[in-house]
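In: Provide a 3D model corresponding to the input given below.
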Amino acid sequence: MEFLFFDLISLQLMYSLKVNATCKLVKNETAPTLGALLESPRARIIRMEVLVILTPLVYLFVATLGSQRRRSTGWVIQKGLLVAHTLSFPLGAYTLGSMQSHSVVKSSMYSLWAVSLFILHGCTDTSYRLDDIRQVTRFQYRHFLYYANGWFLLMTMSVAEFSSLYLLVTPLYLIACYKLGLVQAPRVLSSSSWNLNKMVADYMYNEHTRGKFVAATMEGCHYLVDWPLNKSKLDAPSYAAQLTGHVGQVIDIEKIWLCSKLDQELKDTCLSFSLFHLLRRRFFGFTCGESKERAHDFVFKGLLLENEEGVTDCNRVFRVIETELAFMYDFFFTKSAVTYYGSRVATILSLLSVIFLSLTIMWTVRSQEGKEMTDVDTVISLFVLASAASLELLQLLLYWTSIWSRVSFVCGYVREQARWNTWGGCWCCMTIRLNEFLAKIGVHCAPNKHYWQHKLGQYSLLNFKPTYRDKLTGYFDAPPTPGHRCGIFQQTNMYLFAKKQTNTYVRTVRGKHGKPKEVSAQVKKALINSLKRTNGELSNGKSSLVSNEAEHLLWACARDLHSASDTSCIIMTWHIATWYCEMGTTRYGPSYLDEGARLKTHLGVATKLSKYCAYLVVHAPKLLPGHHYDTSRVFDAVAVEANKFLLPSMRRRAKYEALRNYGLEESEATIFQSGAKLGKQLEEIQDVTRRWKVLADFWSEMMLYVAPSDDVNEHIDQLTRGGELITHLWALLSHAGILQRDQPSTPPSRHPHAESTCSSQQQIFEQDSAIHGGATTTPADHFGATSPAHHLADNPQISGATLQDVLEADRLLQVPVPPEIAEANECHIDVPEASSSTQESPP
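Out: Residues are numbered from 1 along each chain as shown. Now for the predicted structure:
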């Protein structure tokens, strides 16, 4: 038996060894076969053909839908473009590298495909986010790899084999290299154009000295629109940038408004372009040194000018600001600014590219007829070449019908009118007429086209309803009582809101937001009327309560907390009260159908702005006053307070009844309790139309109060995510001279005295007055400057100036100084507000 047992073991071992040997043999025989199959020439060709088709599709997606980021917050657009931007360079570099390593297989086709990919990449947008413009060197290395791979592929092409193709591909390669440079140029322009913005900052510092300003007709408005970038100097004693070009080359708002033949739409576009220059200064840290009085009059007596019927065109005001922010988006994230400053070269190269691509398509078709190319090669080549040619033509047409083309036409028209005073006899007459035709096409084809999403994000804390899965976890129930089963998974007597459960609850509540709503004309009108009523003196709603005789509600605008979270506390308090009033008016209270359109208007404005402010607290806290972390923590606390008082699983009617039964004598220690008490007090206003007017005026005033901000980067970044209404209000208030909250709308006037630094610029504007028939003025009449004290008071961000610095400057002004010493030592240097690691360099 023992021998039999050992024999069985031996047989088992031998069988196992044979099986292992057989498996190894099969593995050794099949592995080389699979590897050889994957590395065969045919497999390489198939892999390369797939890459050549996939890479243009990615480039086309980025080029055609890239500009839609400014108009959409949709997941497909935002996340899809993020993936496409991330893959565009690695995929293109891998495709070119694979062509280089296997160029012996199809050297001629690979060279043709590579050049087409170059051109397609040159048509894509430049930067996905604002941080990309600070990484110029990294993108330069990327483009160097493109150049190198393309050159190596071009060298491998046999000149004797395809001489005609070689003659077509070589010019295309040179054009593609230039277009890749255009992709890099916007990053350099937007990150290093210190001199460009320095000129604007120094020019605006003395803009108020150039004559009388009439805001209604824009007479005396010398806001820059276009000027020769290479005609400036930086000399003693001011060391401020001064324009030295001919007066006819400097285009400002006054010159454009004097041209009666121009449409108002074209004039407004140029006004937006001029305001874009002023707003862009803040990104580079330069101070807004223009006169606050003139800035105030420019907005309140110019943009907000009432017509004969006493009505302000609110749509035009927001349209001007919207177009201005469209210029801002294009400057940082597209090639439009580079094309604008070099439009002739860019247009000629694009046309040459289309011509050579068309000739190459013809060569491809003839090669197919002569059986010099396979059917697959022909299809892929035609797809890549047609995509590149179509995209070139499309982008060329889109630019020349864009807002940039309108500015280019108007500036060219004004210059030629000043030079020739007629259209006839001008050598570039046909060019200007063609530009005018294309610009008018852009105006008439998109009269209602918005450059942002034109919607208000909506969020309502008390409309949150947990899902069935949330109810199963028990995270959204009330604190359990002894013996009470909380959910179906937990049974405890301790308070449920431990740290982990609270975080889960808050995360879920944050993610539930409503559908965005269109920015209605009533909302725009309410904001403009609130701005005009306060004359630019911002308050957190107190002024609206006083004007509506609701002083008993002022306590809800004065939270005694640290300043970083005061505003968010007030917003959430009034948000809860507005929800309570909305439920009582529209759902569960008495019927108010007979109140008319005024009630509907006030209710719509108040509820939209209330939910929009709550949306900003939850999803865009960096755009609000205070630190964004403080704002987020305030919301988290209010969400937990609401869950303690109201069960999230309760229906809205039950929540409304719970708040309705809340007594006025209850404490307002928490934000939620304050909101409940405020809602009850608002309900006591018997006139429901007046009640909602109080709420509508409050929210309009609150929107203006939270708009001023120094976080320019965050506002620019928001432009890539659909844009926000608060960004438009931020820009509007900036042009009115309102850069901070709690600052006077009309600061003290500047002390006039002669400035030697303005002599050369005064001569320019004397010539300008003579050309346009205006009266010539003397420097003593129009040139003035700001005293150091007032300049520091208006711009406390300069060099960290404090109140002590302002008082010291006023004391020094009382010391008599001889005129010749004052003139010799007068110096104005406009420096950035904050230090930057980037050194100053010309654009």
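In: Run through the stretch 1-150 of the chain and note the low-pLDDT ranges.
Out: Filtered on pLDDT under 70, the stretch 1-150 of the chain yields the residue ranges 1-39, 41, 102-108.
In: Do a quick rundown of the helices in it.
Out: In the stretch 1-150 of the chain, the segments counted as helices under DSSP state H, counting those that start in this stretch are 2-38, 41-65, 75-101, 107-122, 136-156.
In: which strands and helices sit next to the third one?
Out: Packed against helix 75-101 by the contact rule (3 or more Cβ pairs under 8 Å, 6 or more residues apart in numbering; DSSP states H and E) you find helix 41-65, helix 107-122, helix 136-156. Every residue, glycine included, has its C-beta placed from N, CA and C.
In: so which of these comes closest to residue 458?
Out: With Cβ to Cβ as the measure, helix 41-65 is the member of the helices and strands packed on helix 75-101 nearest residue 458 (25.4 Å).
In: show me what contacts residue 703?
Out: Residues near residue 703 by Cβ atoms under 8 Å, 6 or more residues apart in numbering: 527, 530, 609, 612-613, 725-726, 729.
In: Would you list the phi and psi of residue 455?
Out: The phi and psi values for residue 455, taken as degrees, to the nearest 10, are phi -140, psi 160.
In: Leaving out the residues flanking it, which one is nearest to it?
Out: Leaving out its chain neighbours, the residue that sits closest to residue 455 by Cβ to Cβ, 6 or more residues apart in numbering is residue 516, at 3.9 Å.
In: Do I have it right that the one you found meets residue 454?
Out: No. Applying Cβ atoms under 8 Å as the test, residue 516 and residue 454 come out as separate, 9.4 Å apart.
In: could I get the contacts of residue 703 as JSON lines with secondary structure?
Out: Below are those laid out as JSON lines (DSSP: H, G, I helix; E, B strand; the rest coil):
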{"residue": "527", "secondary structure": "helix"}
{"residue": "530", "secondary structure": "helix"}
{"residue": "609", "secondary structure": "helix"}
{"residue": "612", "secondary structure": "helix"}
{"residue": "613", "secondary structure": "helix"}
{"residue": "725", "secondary structure": "helix"}
{"residue": "726", "secondary structure": "helix"}
{"residue": "729", "secondary structure": "helix"}
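In: ok, of the residues you listed, which come out buried?
Out: Burial by neighbour count, judged by 16 or more other Cβ atoms under 10 Å, picks out 527, 530, 609, 612-613, 725-726, 729 from the contacts of residue 703.
In: and which of those is nearest residue 715?
Out: Comparing the buried ones among the contacts of residue 703 against residue 715 with Cβ to Cβ places residue 726 closest, at 8.3 Å.
In: Test my guess that the closest one contacts residue 706.
Out: Yes. Using Cβ under 8 Å, residue 726 is in contact with residue 706, at 6.8 Å.
In: how far away is residue 342 from residue 179?
Out: 12 Å (Cβ to Cβ, to the nearest Å).
In: Compare these two and say which is more crowded by neighbours.
Out: Between residue 342 and residue 179, counted using other Cβ atoms under 10 Å, the more crowded position is residue 179 (21 against 13).
In: residues in contact with that one?
Out: Under the criterion of Cβ under 8 Å, 6+ apart, the neighbours of residue 179 are 118-119, 122-123, 349, 353.
In: now the buried ones among the contacts of residue 703 in a markdown table, with pLDDT and distance to residue 581?
Out: A markdown table is the format used below for the buried ones among the contacts of residue 703 (pLDDT from 0 to 100; distance: Cβ to Cβ, whole Å):
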| residue | pLDDT | distance to residue 581 |
| --- | --- | --- |
| 527 | 97 | 20 |
| 530 | 96 | 19 |
| 609 | 97 | 14 |
| 612 | 97 | 17 |
| 613 | 97 | 15 |
| 725 | 97 | 22 |
| 726 | 97 | 23 |
| 729 | 97 | 24 |
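In: Can you tell me which residue is spatially central in the protein?
Out: With distances taken as Cα atoms, centre = their mean, residue 719 lies nearest the centre of the chain, 1.9 Å away.
In: thinking residue 583 is in contact with residue 656, fair?
Out: Yes. If you go by Cβ under 8 Å, residue 583 and residue 656 touch, sitting 4.3 Å apart.
In: So the residue nearest to residue 455, which state does it fall into?
Out: Going by three-state DSSP: residue 516 is strand.
In: could you pull out the helices for the stretch 201-350 of the chain?
Out: Under DSSP H, counting those that start in this stretch, the stretch 201-350 of the chain gives helices at 253-257, 264-283, 292-297, 314-333, 336-341, 343-369.
In: next one: the stretch 651-800 of the chain
Out: Using DSSP H, counting those that start in this stretch, helices in the stretch 651-800 of the chain cover 652-660, 671-683, 688-706, 712-719, 725-735, 759-771, 779-782, 788-794.
In: Residue 677: which of the buried ones among the contacts of residue 703 is nearest?
Out: Closest to residue 677, out of all of the buried ones among the contacts of residue 703 and judged by Cβ to Cβ, is residue 613, at 19.4 Å.
In: How about the contacts made by the closest one?
Out: By Cβ under 8 Å, 6+ apart, the contact set of residue 613 is 571, 575, 699, 702-703, 706.
In: what about 6 Å?
Out: Contact partners of residue 613, counting by Cβ atoms under 6 Å, 6 or more residues apart in numbering, are residue 571.
In: Tell me the spacing between it and residue 178.
Out: 48 Å.
In: and if you look at residue 706?
Out: For residue 706, the distance to residue 178 equals 46 Å [Cβ to Cβ].
In: again with residue 288
Out: Residue 288 is 37 Å from residue 178, by Cβ to Cβ.
In: Between those two, which is the more surrounded one?
Out: Taking other Cβ under 10 Å, residue 288 and residue 178 do not tie; residue 288 has more neighbours (20 against 14).
In: What's the per-residue pLDDT of that one here?
Out: On pLDDT, residue 288 comes in at 87.
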